[in-house]
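Participant: need a 3D model of the sequence below.
(chains A and B)
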Protein chains: 2
Amino acid sequence: MGNIAASIITIGDELLIGQTIDTNSAWIAQRLNEHGIDVLRRVAVGDTRSAIETALDEELSKHNLVLITGGLGPTSDDITKPLLCDYFGGKLVIDERVLIHIKEIFSKRNRPMLDRNLKQSEVPDNCIVLFNKAGTAPGMWFEKDGKIIIAMPGVPFEMITIMEDEVLPRFKNIFKSDSLIHKTIFTAGEGESFIAEKLMDLEAQLPLNIKLAYLPDGSMVKLRLTGRGADEHILENQLVELQNKFADRLGTIVIALNDLPMAQILGNAFLENKKTFGIAESCTGGYIGHSITQVPGSSAYFMGSIVSYSNDLKESILGVSHDTIVNYGAVSKDTAIEMVKGALKVLNVDYALATTGVLGPDGGNEFLKIGTVWMAVADKNSIKTKEFKFHYDRQRNKFMAAQMGMLMLWKFINNK
Amino acid sequence: MGNIAASIITIGDELLIGQTIDTNSAWIAQRLNEHGIDVLRRVAVGDTRSAIETALDEELSKHNLVLITGGLGPTSDDITKPLLCDYFGGKLVIDERVLIHIKEIFSKRNRPMLDRNLKQSEVPDNCIVLFNKAGTAPGMWFEKDGKIIIAMPGVPFEMITIMEDEVLPRFKNIFKSDSLIHKTIFTAGEGESFIAEKLMDLEAQLPLNIKLAYLPDGSMVKLRLTGRGADEHILENQLVELQNKFADRLGTIVIALNDLPMAQILGNAFLENKKTFGIAESCTGGYIGHSITQVPGSSAYFMGSIVSYSNDLKESILGVSHDTIVNYGAVSKDTAIEMVKGALKVLNVDYALATTGVLGPDGGNEFLKIGTVWMAVADKNSIKTKEFKFHYDRQRNKFMAAQMGMLMLWKFINNK
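Facilitator: Residues are numbered from 1 along each chain as shown, chains lettered A, B, ... in the order given. Here you go, the predicted structure:
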């Protein structure tokens, strides 16, 4: 097969009324990219025959690889399987392996099996069946006029299982294309425009096979260099050289040269320095601990967190003095300092981070503006504090506070 | 304007390589729905002229309302504005109000203003400028051949601001269409197929203007009834009646008759019973506290959480006995019981929840399978425990554990 132009079709009314956020497309796009396959379009349509057929017609006319997710469940709002069967001129037949698998699932879960579950073992006789060990709906691989069409269930875990077990290994055999490599520069502290200005001349000199993109996220901006080339090794060197050149130019605002989440960048720093840390979270409510523990192996450096959401717990567990809260307020530099000192002691850690703030929509007053967050980081020898003002809604303020807290701790342990 | 058929185009290479998950489309779709406007398709394309033009041609040929997000930032990978200007045959002119606004933003932030920022005040002279008080890139409203095309920046917070301030109020004046109402039945404990079987006859009798969809999420399934009708009041009554009929049929697996997150359903129950609660989180790492505190006003019932990620903290803060951990393991019924007792006492709350488990990818062994989580809920008088086995990856196991923990507490306080 020559150049691969891929499109992703996601099916489901829940996508069009906004009840579900589509995470499948991003996951699929990432994996295809690693295999050197460009996704050129993504289309979402509802659970109606005509919408699905139109999308199939259009995407197949422009692309030679079309991946479809959704519409394969056991309930009657799922109409994709019979439609695909008709579209490619096949008829439905029982697949014995799938049938046995479905029976096993139900017997293991001690649930009665229904006709509609049995029906899930029916597949078009003109496709390769993509076995789904994570669920009851198999995937399907059709080929027509030199094009490949792959249909998978919309449940993310099942889609991922089928992609990894059945689809990607086949791609490896079929597709041999240009290499595609991405390099990221993770920055914090300056806006997109400022960065663009600093990089203007370097950007203008970029070779034609390399593209630069700016991805702002809160007060962090990720820069992504994307290169394409026949020789993976040469391309890798070319990109690494540019990545370093760009990072040198940006200086201290560069946090990392990869696309890891902030929690993992912080975790890696602790793995390296072999120290431990803990948190006293008030306004962030557990978000920082949650982010930190998304990373496998975080128990090596993260001991725990006191989510002292109420003022009583700030006093009883962290030892913040009642007078401090009364005199300076729960959202204050003084409270943050006593919280971080308490966390160091109670959690028995090398480093600690504390957050206390008011995120909205209620809780502000004329002296304390919504979005105000005091943070403190400390080790045995020193304490640093900082006041942040976030201007968004509750959820976004919380996200930003969690990100900035982790960044502040990262800077502290790196003496930045 | 007659029947509104809307399409959303999202622009950005980051969407096609999977670096960014598109949350804008879901948000826009929800809000359009509330205004009785159906989104029929969503298309994502990269930052290239031809891809954007093709998408515009296609979506405009099928829909009379097209919303575009992305591609309006100050950096050179953003090409949408000049393209739209050309596409609709206008020329770029300075908008004085936007110019003053951009200057204000930069002077407030004490940042030098660059030519590229000034350029953001340029707008096509054939559009209505949609003022963006949250950022520097204004939105644009074009009309052509009786169709409306709206372009907004891709940064979610800025898009939301423009939609709420500028777009939705205009829609209210222009569009007068059928009402569209959704009702949700939130269930837990049974699979999609089982529910479908129980509802089969009711589903077959649904009137033509009402659709039923199944939205499985972990071990919860949401059922969504969508109705369309000329008279909002009649439609509302029709849907409420059906919602109650379906819920009655499903019995005890029904948790709520709305589409709220589990954390809010739990929060509402505590607001009602005027009790407080707290958590001892081990494997969930703060996720439950984070979920609970996403809800505004949660400080009324949520006091805090001890994230005792290390075993030492289970002992030193929660008072779990060293012998219990040595003899039964940190992931055990006995540890969960001592954790929940400790949480009740240390957090001084009416109810407590405790989680301890091993989520993977490492940490399992022949006696302790990855995905095993013990949970306990308690008040002064009684304790309930339960062992869960999750079969997914670390992140999904954590999500499921958080959901099931909140559900378990909800059932406990409701005596279910």
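
Participant: mind checking pLDDT for A:Val155?
Facilitator: For A:Val155, the pLDDT comes out at 88.

Participant: now the residue of chain A positioned farthest from its centre: which helix or strand?
Facilitator: Most distant residue from the mean C-alpha position of chain A: A:Asp323, 42.6 Å away (Cα atoms, centre = their mean). Using DSSP states H and E, A:Asp323 falls within helix A:322-328.

Participant: cool, A:Gly90 as well?
Facilitator: Per DSSP H and E, there is no helix or strand for A:Gly90.

Participant: that older thread, what sits against the residue farthest from the centre of chain A?
Facilitator: By Cβ atoms under 8 Å, 6 or more residues apart in numbering or on different chains, no residues touch A:Asp323. No exception for glycine: its C-beta is placed from N, CA and C like everyone else's.

Participant: change it to 10 Å
Facilitator: A:Asp334 (Cβ atoms under 10 Å, 6 or more residues apart in numbering or on different chains).

Participant: and it, how far is that from A:Glu315?
Facilitator: A:Asp323 is 10 Å from A:Glu315, where distance means Cβ to Cβ, to the nearest Å.

Participant: ok so, going back, which secondary structure elements does whichever helix or strand comes after the helix holding A:Asp323 contact?
Facilitator: Toward the C-terminus, helix A:322-328 is succeeded by helix A:333-346 as the next helix or strand (DSSP H and E). Packed against helix A:333-346 by the contact rule (3 or more Cβ pairs under 10 Å, 6 or more residues apart in numbering or on different chains; DSSP states H and E) you find strand A:277-281, strand A:302-308, helix A:311-316, helix A:322-328, strand A:351-357, strand A:372-378, strand A:383-389.

Participant: rerun that using 6 Å as the cut-off
Facilitator: Applying 3 or more Cβ pairs under 6 Å, 6 or more residues apart in numbering or on different chains; DSSP states H and E, one finds that helix A:333-346 makes contact with strand A:277-281, helix A:322-328, strand A:351-357, strand A:372-378, strand A:383-389.

Participant: next secondary structure after the helix or strand hosting A:Glu104?
Facilitator: Using DSSP H and E, A:Glu104 maps to helix A:96-108. Later in the chain than helix A:96-108, the nearest helix or strand by DSSP H and E is helix A:115-118.

Participant: that following helix and chain B, are they touching?
Facilitator: Yes: for helix A:115-118, a contact with chain B is found by Cβ under 6 Å from any Cβ of the partner chain, at A:116-117.

Participant: mind checking how far that helix is from the chain centre?
Facilitator: 34 Å (Cα atoms, centre = their mean, to the nearest Å).

Participant: which residues does the worst-scoring helix or strand of chain A on mean pLDDT contact?
Facilitator: Least confident element among the helices and strands of chain A, by mean pLDDT, DSSP states H and E: helix A:115-118 (a mean of 82). Applying Cβ atoms under 6 Å, 6 or more residues apart in numbering or on different chains, the contact partners of helix A:115-118 are A:74, A:102, B:193.

Participant: now do the buried residues in it.
Facilitator: Buried residues in helix A:115-118, counted by 16 or more other Cβ atoms under 10 Å in any protein chain shown: A:116-118.

Participant: what's the answer for stretch A:136-155, then?
Facilitator: Buried residues in stretch A:136-155, counted by 16+ other Cβ under 10 Å: A:136-142, A:148-155.

Participant: chain B: which of these is nearest?
Facilitator: Distance to chain B across the buried residues of stretch A:136-155 (Cβ to the nearest Cβ) is lowest for A:Val155, with 6.7 Å.

Participant: quick check, pLDDT for A:Leu114.
Facilitator: With respect to pLDDT, A:Leu114 scores 80.

Participant: give me the number of neighbouring residues for it.
Facilitator: By other Cβ atoms under 10 Å in any protein chain shown, 16 other residues sit near A:Leu114.

Participant: distance of A:Met163 relative to chain B?
Facilitator: According to Cβ to the nearest Cβ, to the nearest Å, A:Met163 and chain B sit 12 Å apart.

Participant: picking that back up, tell me which of the helices and strands packed on helix A:333-346 sits most buried.
Facilitator: Mean neighbours per residue, mean count of other Cβ atoms under 10 Å in any protein chain shown, is largest over the helices and strands packed on helix A:333-346 for strand A:277-281, with a mean of 30.

Participant: residues making contact with that one?
Facilitator: A:288-289, A:303-307, A:318, A:339, A:343, A:347, A:349, A:351-355.

Participant: are any of those buried, and if so which?
Facilitator: If you count burial by 16+ other Cβ under 10 Å, the buried members of these come out as A:288-289, A:303-307, A:318, A:339, A:343, A:347, A:349, A:351-355.

Participant: part of a strand, is A:Ala6?
Facilitator: Yes: A:Ala6: assigned to a strand according to DSSP: H, G, I helix; E, B strand; the rest coil.

Participant: who's it bridged to?
Facilitator: A:Val39, A:Leu65 (DSSP bridges).

Participant: how many residues are close by it?
Facilitator: A:Ala6 has 25 neighbours, counted by other Cβ under 10 Å.

Participant: residue contacts, it?
Facilitator: Here A:Ala6 is in contact with A:32, A:37, A:39, A:63, A:65 (Cβ under 6 Å, 6+ apart).

Participant: which ChimeraX command selects the buried ones in those residues?
Facilitator: Here is the ChimeraX command that picks out the buried ones among the contacts of A:Ala6, judged by 16+ other Cβ under 10 Å:
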select /A:32,37,39,63,65
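
Participant: dump the contacts of A:Ala6 to CSV, plus pLDDT.
Facilitator: Below are those laid out as CSV (pLDDT from 0 to 100):
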residue, pLDDT
A:Leu32, 90
A:Ile37, 87
A:Val39, 93
A:His63, 95
A:Leu65, 96
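
Participant: need the max-distance pair from the contacts of A:Ala6.
Facilitator: A:Leu32 and A:His63 (11.6 Å; Cβ to Cβ).

Participant: for the closest residue to A:Ala134 other than its chain neighbours, pull up the helix or strand it's in.
Facilitator: Closest residue to A:Ala134 apart from its sequence neighbours, by Cβ to Cβ, 6 or more residues apart in numbering or on different chains: A:Thr161 at 3.9 Å. Following DSSP H and E, the helix or strand that holds A:Thr161 is helix A:156-162.
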